[in-house]
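**Q** pasting a predicted model and its sequence here:
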Amino acid sequence: MAKKGKLRVGWFSFACSEDSTIMMTEVLNECWQEWKKKIDIAYARVLQSQNEINDLDVAFIEGAITTNEDAKRAKEIRKNSKYVVAIGSCAVTGMPSAQRNLFDANLKKEIKPLLIKFKHREKVLALKDVIKVDDNVPGCPMNEKIFLEVLDKYLKKFGV
């Protein structure tokens, strides 16, 4: 555990609309006075320029895995986190980001140059298809009530 009994967390985002990140910042606005005593946000590019990925208690990951680089990064996050929580539909199920997995042959052929150009995988993956996921917060955007319940679970688990 990090600083003075605080839960050390990271917030990461892969391919998605980042609506859950927006919701998290809104919840943070409401809960900041309480959370600043309990949570050390080590990584959240949306909130700060200085970020650390090492020794996280919980990593919250939003978005689907669309590139090999995404998969590599997800594995790095997993390696540096005690627990990983998939945030939002894209991370939990891959959808709607993974809708291109369902395209017919003609449409797949049409988008092939874009996949090559942007180094995208043939198939979009849910986070659980790449790394072990300990908890899920479904929804697009995430279900705020479930997010708060999961966060509270980890605060209790770490005795914060």
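**A** Alright, I've got the coordinates. Only a predicted model underlies this, so the values are computations on that prediction, with no experimental measurement involved. Residues are numbered from 1 along each chain as shown.
**Q** which ones are touching Ile111?
**A** Arg100, Phe103 (C-beta atoms under 8 Å, 6 or more residues apart in numbering). All C-beta atoms are positioned from the backbone trio N, CA, C, and that covers glycine.
**Q** neighbours around Ser20, how many?
**A** The tally of other residues near Ser20 (other C-beta atoms under 10 Å) stands at 28.
**Q** from Glu122, how far out is it?
**A** 26 Å (C-beta to C-beta, to the nearest Å).
**Q** quick one: the nearest residue to Ser89 once chain neighbours are set aside from Leu47, how far?
**A** Using C-beta to C-beta, 6 or more residues apart in numbering and skipping residues adjacent in sequence, the residue nearest Ser89 is Cys140, 4.0 Å away. Counting by C-beta to C-beta, the gap from Cys140 to Leu47 is 22 Å.
**Q** dump the C-alpha coordinates for the longest helix along the chain into CSV.
**A** In the chain, with assignment by DSSP state H, the single longest helix is helix 19-35. Extracted C-alpha coordinates of helix 19-35, given in CSV (Å, rounded to 0.1, in the frame of the first residue of the first chain):
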residue,chain,number,x,y,z
ASP,A,19,-17.3,8.3,-21.2
SER,A,20,-16.4,6.3,-18.1
THR,A,21,-13.3,8.6,-17.6
ILE,A,22,-15.6,11.6,-17.8
MET,A,23,-17.9,10.0,-15.2
MET,A,24,-15.0,9.2,-13.0
THR,A,25,-14.0,12.9,-13.0
GLU,A,26,-17.5,13.9,-12.2
VAL,A,27,-17.6,11.5,-9.3
LEU,A,28,-14.2,12.7,-8.2
ASN,A,29,-15.6,16.3,-8.1
GLU,A,30,-18.3,15.1,-5.7
CYS,A,31,-16.1,12.8,-3.6
TRP,A,32,-12.8,14.7,-3.6
GLN,A,33,-12.8,15.8,0.0
GLU,A,34,-13.3,12.2,1.2
TRP,A,35,-11.1,10.5,-1.4
